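K.L.:
okay, predicted coordinates and the sequence, questions at the end:
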Amino acid sequence: MDSVPEEVLQTSLLPSLLDNAGMVAGVCHLWHNIMWTLRLSGSDSDICIQAIRALIRLGPATILLQAPLLLERLEHRGVMVRHSAVVALSALGTQWVSEHITPFLGLMEDPDEDISFIALCALTKLPCEELVQHAARFRACLKHPSPAARCGALQALSGIGPAAVAKHSKPIIAKLGDPDPQVRRSAAVALAVLPRADVPARATTALRKRLESDDEDP
């Protein structure tokens, strides 16, 4: 049997194979998306957590493809689902967090200590000019029951700069009397960004009393 001329193969068979390959790749991509959707949006929390952890292992590029579903998981009633989702989304970097800042601001007030702290850590990496308009939210977080969250809020305020610290100096000074030593240190560090002449007298007094009290502790 005569062989098929090479020019015929190039003009008919090869494009057909390429079209089929592209179709197969598209079907595989669609199938993977369906599987991720089923795992992330299903009612089984354990499967959802395992899926998110798998995304984290695969890296930011894969996480980004599932970001809309992960944002929904931030409102899940399960603590570990929310925790896994915020860890995954935080891995997308400061630019992505900046573009989706609202859910991270909300997570600052999450009752879970780790979730609140992870959200605060992601926020404190943003440029101070983006955070200044949210200073009042950080101030409110100073009342969070978690010491780690209170520390994160203090670090955020000090990172914004002296103007924010001066404006919210009263609750920051109050944290010098916080029962947690790390929170007290964070409050002192926050007040240290102020020029010496701008440090309120009550802050100096409160810090001195706190130091004296710490010296007396066994």
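P.N.:
Structure's in. What do you need? Residues are numbered from 1 along each chain as shown.
K.L.:
show me which residues of the one helix or strand Leu105 maps to are buried.
P.N.:
Assignment of secondary structure by DSSP states H and E places Leu105 within helix 101-107. Residues Ile101, Pro103, Phe104, Leu105, Leu107 are the ones in helix 101-107 that count as buried (16 or more other C-beta atoms under 10 Å). Using the backbone N, CA and C atoms, a C-beta is placed for each residue, glycine as well.
K.L.:
look up the closest residue to the second one, ignoring the ones flanking it.
P.N.:
This means Pro103. With C-beta to C-beta, 6 or more residues apart in numbering as the criterion, Pro103 has its nearest non-adjacent residue at 5.3 Å, and that residue is Leu74.
K.L.:
how far away is that neighbour from Arg39?
P.N.:
Taking C-beta to C-beta, to the nearest Å as the measure, Leu74 and Arg39 are separated by 17 Å.
K.L.:
cool, His134 as well?
P.N.:
In this view, His134 and Arg39 are 33 Å apart by C-beta to C-beta.
K.L.:
where does Ile47 land in three-state SS?
P.N.:
Under DSSP: H, G, I helix; E, B strand; the rest coil, Ile47 falls in the helix class.
K.L.:
spatially nearest residue to it, not counting backbone neighbours?
P.N.:
On the basis of C-beta to C-beta, 6+ apart, the spatially nearest residue to Ile47 that is not a chain neighbour turns out to be Arg39, at 5.5 Å.
K.L.:
where's the one you found, which helix or strand?
P.N.:
helix 14-41.
K.L.:
picking that back up, contacts only, for the residue nearest to Ile47.
P.N.:
By C-beta atoms under 8 Å, 6 or more residues apart in numbering, the residues touching Arg39 are Ile47, Cys48, Gln50, Ala51.
K.L.:
so what touches the one helix or strand Ala148 maps to?
P.N.:
Using DSSP H and E, Ala148 sits in helix 147-160. With contacts defined as C-beta under 8 Å, 6+ apart, helix 147-160 is touched by 108, 113-114, 116-117, 120-121, 123-124, 128, 131-132, 135, 138-139, 141-144, 164-165, 168, 172, 175, 178, 180, 182-183, 186-187, 189-190, 192-193.
K.L.:
ok, 6 Å please
P.N.:
Contacts of helix 147-160 with the rest of the structure, by C-beta atoms under 6 Å, 6 or more residues apart in numbering, involve 113, 116-117, 120, 124, 128, 131-132, 135, 138, 141-142, 144, 164-165, 168, 180, 182-183, 186-187, 190, 193.
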